[in-house]
Structure formats: structure tokens, C-alpha cells
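> with the sequence up front, the predicted model follows.
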2 protein chains.
Amino acid sequence: MPKVRVHNVTVSLDGFAAGPRQRLEEPFGDNVEGLHDWMVAAMRDRAEGKTGIDVEQIERSEENIGATIMGRNMFGPQRGPWQDESWRGYWGENPPYHHDVFVQTHHLRPAIPMEGGTTFHFTDEPIETVLARAFEAAGGRDVRIGGGAATVQQYLRARLIDELHLVVVPLLVGSGERLLDNVAEGIDGYRVSELISSATATHARLVRR
Amino acid sequence: MPKVRVHNVTVSLDGFAAGPRQRLEEPFGDNVEGLHDWMVAAMRDRAEGKTGIDVEQIERSEENIGATIMGRNMFGPQRGPWQDESWRGYWGENPPYHHDVFVQTHHLRPAIPMEGGTTFHFTDEPIETVLARAFEAAGGRDVRIGGGAATVQQYLRARLIDELHLVVVPLLVGSGERLLDNVAEGIDGYRVSELISSATATHARLVRR
Ligand SMILES: NC(=O)c1ccc[n+]([C@@H]2O[C@H](COP(=O)([O-])OP(=O)(O)OC[C@H]3O[C@@H](n4cnc5c(N)ncnc54)[C@H](OP(=O)(O)O)[C@@H]3O)[C@@H](O)[C@H]2O)c1
Ligand SMILES: NC(=O)c1ccc[n+]([C@@H]2O[C@H](COP(=O)([O-])OP(=O)(O)OC[C@H]3O[C@@H](n4cnc5c(N)ncnc54)[C@H](OP(=O)(O)O)[C@@H]3O)[C@@H](O)[C@H]2O)c1
């Protein structure tokens, strides 16, 4: 059975996946400097042929993903009705997805085919419907929920996530979007199956009980 | 200069130091089974003469403490006016403090001298005053803030804590008392100086910037 997976979602020690005041110049908001240092270092290590805990986690995240779901705030900095439909995501003309990406939003717009096989679809359907469409697009492979916090929370609450890999880093953010929030009852369906640390990050894995 | 220190405060992966519904039978509330397993194992290891990351952290927590401050909810399960003044804390007749303990509460009662050198004092003074009394009682040694979350937060907000050692364990609690909450501005004064993991727990240390 194909799975619903979340990977590499990086949170501060106080639990935030994004700081306050998300905007074009600071997509992750304020006070998040260094949040993804572990990932940058792991990418560099991998490019140099090195292995290690962080590199292995990155590699697991890339295996067997056929479609991605994300929230509108992860897709871009605009809020409310689209003022500027020329916005095509934070990732340039050839985004690193190379498959269908479903962007959840109340503000629909036509799908955007990009270079390299990525197509952004905009949807306000119920998450169960979005997930069914994503599974169909994935053609037997797994579906990844990319983020952000609000989107992951919806799928956690509905217990639709099979595997959630989160990464705790030694940073304090203070306010913003907390990942494991607004999921009080949903969280009862999960347990932590793994807790493993590199020198720079602690990787945890949530799976269903 | 003597310091204000917090040690061994153990939080779930979602950040809770206590679950919902604290009560006599479940002092830490619900959904917290296993929260302190790392500590129990470390205590046993130490008794057997073993060392390790967790044992070292416990030993650091015990060094040079001359007084303790705690919140009323950590002292006992009663809320509001004392119905039962025979309550003398969760720790039996010879509590493991062996020094003056200042219990912050709006419901004052006479000090309780216990066996082994512990005396519980009840105070509703401002935290700066409580801290000054604790330093005086400590006679040149450090003051430890024992907990719980609400008490640690007050001292963090006021940036009165020099060192905060917290322990993240692979558990999900979902609701209750989150440690690093209600400290939005206060947290700007801190950084994470250490992140080190054993097989069962991740130890983080907050210090002033
Ligand atoms: N730390 C990490 O590893 C990581 C990973 C991914 C993202 N992020 C960061 O997280 C932040 C975004 O997270 P976020 O929690 O603010 O928001 P988000 O989950 O990306 O997006 C939330 C928005 O998407 C739309 N939406 C979500 N669910 C919907 C539904 N079921 N139906 C219709 N619309 C829906 C709504 O916007 P509208 O009503 O406006 O349409 C909602 O406000 C960004 O800063 C991003 O960079 C961090
Ligand atoms: N996970 C861990 O390692 C750890 C460590 C320690 C404790 N704990 C747990 O944490 C829980 C207690 O934490 P908590 O956040 O609920 O409460 P707490 O900090 O222990 O106590 C809060 C209460 O203390 C009184 N208080 C605090 N500050 C005051 C002030 N400045 N002036 C006057 N009164 C003041 C108030 O009670 P009144 O108004 O009723 O007087 C307040 O409601 C317990 O379950 C305990 O077992 C966990």
C-alpha cells in the first residue's frame, strides 16, 4: 500500500517550523537563521560522497515519492486573493519535485506546468479528496506532505499520515507556526518510533500506534 | 557569582512538561507514561557505577545547589485555598532537597521544616524577591528552579535564568503544560549552547546570549 509521508520538517527546540512574519524576503519568517543548516551540510556531504546520519535521512526522504501536497503559504508569500498570478513558487522554473504538486488554497487558479515534470495544481477540496487525487497522480508510489505546519496538522488530526520525520535543531524561535500544535486528539494515534541524533540535529519519526 | 539553574526538566517531543489533569494519583497528569524513563535508567546506572551521557547530566544537576524554587503545582495536587494542610509535598518526610525550598503560591501557609534539612517556605512575593531570598538561603551556592512549566516561564521571561537544561524524550503528550511557551520575548535573550543525545533522550542547554 502506498503511504503518506512527511520528511525533513525542521523545528526549533521550542517546536516552530516557521517564525513570525513570513514574507518574500524571509519565506520562513524571522528568528529562523540556521534552521536548515543541518540540511545544507548534509547536501554538501552527500555531494562529496560522504555518508552519515543526516545524509541517510535526506536519502530516505527522497525514496519512492510520486506526488506532493503543500499548503499555500509554503508555495508563496502572497495571502488572500492572488494579486500577482505570475508567481510560480519559490523554486524557480525547474522545481525539485518532478511530479504533480497539489497546493491547498481557498484561492483557486489554473494549474501551472513547470519544467522537469512538476505541475502545480491548486485545490480547495477536502483533504481526503486531495489525497485521493495525489495517490492517483503518484501511480503506486507514496505521497509526501511537504508542509507547512498548518497543512501537516490537518493530515495528522485526520490520522492520514503514515510516517512523519521531524528534525529538532538547537535554535529558539519564540513564536510563529508550531508543528505539533492543534493536533491534541489526533496525536493519540501516533507514537515516536525513532530518535537519533547527529552532531547538529535530532531526528524523530512518528508512526501510527 | 552564584547562578540560577534549571535541570532535568523533561519534555515530550511536542514540548510538554506535564500532561492534562494533574492530580494526586497522576502528579504529572495523563499521557506522560515513560516521561522520566531516561532518569530512572540513569539513576540505576549510576547506582551500578556506570557512566554515560544521561548519568553525567544528572550529576551536573546536583552540583553546588543551595536552594530551590518551585511552583505550587509541583509541590502538590491541591488547587485554590488549602483544604488539607497536612499535605507536606510529594517527597515523603525526608525530601531529596536538604535545603530551603521556596514554593510560589497565592495561598500562604506556615513554613514546614522536614527531616534532612529541607524546609518548605510558601511565598507570594515578586519573583525577584523570592530569588533574593533563595540566594541568601543558598549561602553562595546556586539556586535551582525546580519547575513546573509556569514557574520556569516566569523566570525565563524575566531573563533571570542562567542555565536551563532540558531533556527531550520520544513521547507525544498532545496537551498539558508546555515548557517553552508564553516566553516569546524572553526567549530572544537565550541561545542553545549544547545538544547531545543518549539512546533514550536528547539533552539541550539554554544559556544567555
Ligand atoms: N521547517 C520546515 O522544514 C518547513 C517545511 C515546509 C514549510 N515550512 C514553512 O512553513 C511556512 C508555511 O506554513 P504555514 O503553517 O504558515 O502554512 P501552510 O500549511 O503552508 O499553508 C496554510 C494555508 O494554505 C491554505 N490551506 C491549507 N489547508 C487548506 C485547505 N484544507 N483548504 C483550503 N486552503 C487550505 C490556507 O491559505 P488560503 O486560505 O490563503 O488559501 C492556509 O492559510 C512557510 O514559512 C514555510 O517556509 C517550513
Ligand atoms: N517534566 C518535568 O521534568 C517536570 C519538572 C517539574 C514539574 N513537573 C510537573 O509540572 C507540573 C506543574 O507545573 P505547572 O506549570 O502546572 O505549575 P507550577 O509552575 O508548578 O505551579 C504553578 C502555580 O504556582 C503558583 N504560582 C506560580 N508562580 C507564582 C507567583 N509568582 N506568585 C504566586 N503564585 C505563584 C500558582 O498557584 P496558586 O495561584 O494556586 O498558588 C500557579 O498556578 C506538575 O505536573 C509537575 O509534576 C514536571
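On my side now, so go ahead. Numbering: from 1, shown residues only, chains lettered A, B, ... in the order given. Ligands and ions are numbered 1, 2, ... in the order given.

> in chain A, which ranges drop under the pLDDT threshold?
Segments of chain A classed as low confidence (criterion: pLDDT under 70) are not present in this model.

> and it, which of its residues are near chain B?
Of all the residues in chain A, those in contact range of chain B (Cβ under 8 Å from any Cβ of the partner chain) are A:13-15, A:31, A:166, A:168-175, A:180-181, A:183-185, A:187-188, A:190-192, A:194-197, A:200, A:202, A:204, A:206. (C-beta placed from N, C-alpha, C; glycine too.)

> please redo it, this time with the cut-off set to 6 Å
Counting by Cβ under 6 Å from any Cβ of the partner chain, the residues of chain A close to chain B are A:13-15, A:170, A:172, A:174-175, A:180, A:184, A:187, A:190, A:192, A:195, A:197, A:202, A:204.

> from the residues you listed, which ones fall inside strands?
With DSSP state E as the criterion, strands contain A:190, A:192, A:195, A:197, A:202, A:204 from among the residues of chain A next to chain B.

> OK, contacts around the second one?
In other words, A:Val192. Contacts for A:Val192 were tallied using Cβ atoms under 6 Å, 6 or more residues apart in numbering or on different chains; they are A:204, A:206, B:13, B:170.

> just those residues now: which is nearest B:Asp162?
Within those, the smallest distance to B:Asp162 is 26.2 Å, found for B:Leu13 (Cβ to Cβ).

> wait, doesn't the closest one sit right on A:Ala204?
Yes. Between B:Leu13 and A:Ala204 a contact is recorded at 5.5 Å, counting by Cβ atoms under 6 Å.

> looking at the two, which one has more neighbours?
The neighbour count for B:Leu13 versus A:Ala204, taken as other Cβ atoms under 10 Å in any protein chain shown, is higher for B:Leu13 (25 against 21).

> measure that one to A:Val167 for me?
Between B:Leu13 and A:Val167 the distance is 11 Å, computed by Cβ to Cβ, to the nearest Å.

> same check on A:Pro110?
Relative to A:Val167, A:Pro110 is positioned 35 Å away (criterion: Cβ to Cβ).

> which residues of chain A fall in helices?
A:37-47, A:53-62, A:72-75, A:127-138, A:149-157 (DSSP state H).

> the spatially closest residue to A:Trp38 that is not a sequence neighbour: neighbouring residues, count only.
Closest residue in space to A:Trp38, ignoring its immediate chain neighbours: A:Ala201 at 3.9 Å, by Cβ to Cβ, 6 or more residues apart in numbering or on different chains. With neighbours defined by other Cβ under 10 Å, the count for A:Ala201 comes to 24.
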